[in-house]
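J.: with the input below, show me the fold.
(2 chains)
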Amino acid sequence: MTDPQSEMFELPENWNEMTDKEQSAWVEAVLVQIFEDE
Amino acid sequence: MSFACYTKVCAPPPVGRGGSVATKKSIRSLRTPDSGFTLTTKLNPMRSGFAVALAGSDRLVTSESAFRGGKPSAKLVGIVRDRINAALSTNPPKGTRVALGGWHNPDDGKIEINVTVVFPKTQQSRAVRFAKEQDQIAIFALHSGDLIMTGGTGGDRSTE
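T.: This next block holds a predicted model:
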């Protein structure tokens, strides 16, 4: 059974097709969300 | 559920579904000296095995320049993105898993993000041998929290 909580931050499936800018935007969004909730 | 990037400019994870609690806790540990994380390339925390960083894979940033106004700096974002890509392109030794490692060194205050290889917890001696080959100071037992010294130098610890 899949634990929905454990997979929320999976990299986008098309990560390797994303531009550097898109990858950075995704990483930034994730990190901001992580540290904002502190 | 995975977060798919389906627009031209990738959207952040949906509000209110801000990621695994365990992953958040792991990454947040970067603010705390002598704390760190080992995440799969899908960014889920790893809880078992011996983590060994690859020689030359460390990217370092001082804790002061990793955060600006309480938010992760562009420098930290760039390093994390770069190391994710490095991990994805790494072929780990047979029977091991590649991971993304992070650690806040209490001695110099630097945060390092690296590419890590995780050996099964039944293969401590193999992990130690590999760590010596990689000139690593120590390996970390994810299942017990033990640090095992391996006698290396850890390589270059200068920041970019």
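J.: and the residue in chain A positioned nearest to chain B, which of the three is it?
T.: Here chain A gets closest to chain B at one residue, residue A:29, 3.0 Å apart by C-beta to the nearest C-beta. (Glycine included, C-beta is placed from N, CA and C.) On the three-state scheme (DSSP: H, G, I helix; E, B strand; the rest coil), residue A:29 is labelled helix.
J.: helix/strand/coil for residue B:131?
T.: helix.
J.: contacting residues around the residue lying closest to it once chain neighbours are set aside?
T.: Among residues not flanking residue B:131 along the chain, residue B:150 sits closest, at 4.1 Å (C-beta to C-beta, 6 or more residues apart in numbering or on different chains). Residues near residue B:150 by C-beta atoms under 8 Å, 6 or more residues apart in numbering or on different chains: B:128, B:131-132, B:136-139.
J.: likewise residue B:30?
T.: B:36-37, B:66, B:102, B:104, B:111.
J.: ok, the residues you listed vs residue B:118, which is closest?
T.: Residue B:118 lies nearest to residue B:37 out of the contacts of residue B:30, by C-beta to C-beta, at 12.2 Å.
J.: just checking the host helix or strand of that closest one against chain A, any contact.
T.: Using DSSP states H and E, residue B:37 sits within strand B:36-40. No - Strand B:36-40 does not reach chain A (C-beta under 8 Å from any C-beta of the partner chain); its nearest approach is 8.6 Å.
J.: look up phi and psi at the spatially most central residue of chain B.
T.: For chain B, the residue nearest the mean C-alpha position is residue B:101 (1.1 Å; C-alpha atoms, centre = their mean). Dihedral angles of residue B:101 (phi, psi; degrees, to the nearest 10) stand at phi -110, psi 150.
J.: distance check, it against chain A.
T.: Using C-beta to the nearest C-beta, to the nearest Å, residue B:101 is found at 16 Å from chain A.
J.: isn't that residue right up against residue B:54?
T.: No - counting by C-beta atoms under 8 Å, residue B:101 sits too far from residue B:54 to count as a contact (9.0 Å).
J.: what bits of the chain have low per-residue confidence?
T.: Assuming you mean chain A. Scanning chain A for pLDDT under 70 picks out A:1-9, A:37-38.
J.: try again with chain B
T.: Applying pLDDT under 70 to chain B flags residues B:1-22, B:157-160.
J.: mind listing the helices for it?
T.: B:21-28, B:63-66, B:74-88, B:124-133 (DSSP state H).
J.: who touches both of residue B:101 and residue B:54?
T.: Jointly contacting residue B:101 and residue B:54 under the rule C-beta under 8 Å, 6+ apart are B:114-116.
J.: fine by me, thanks again.
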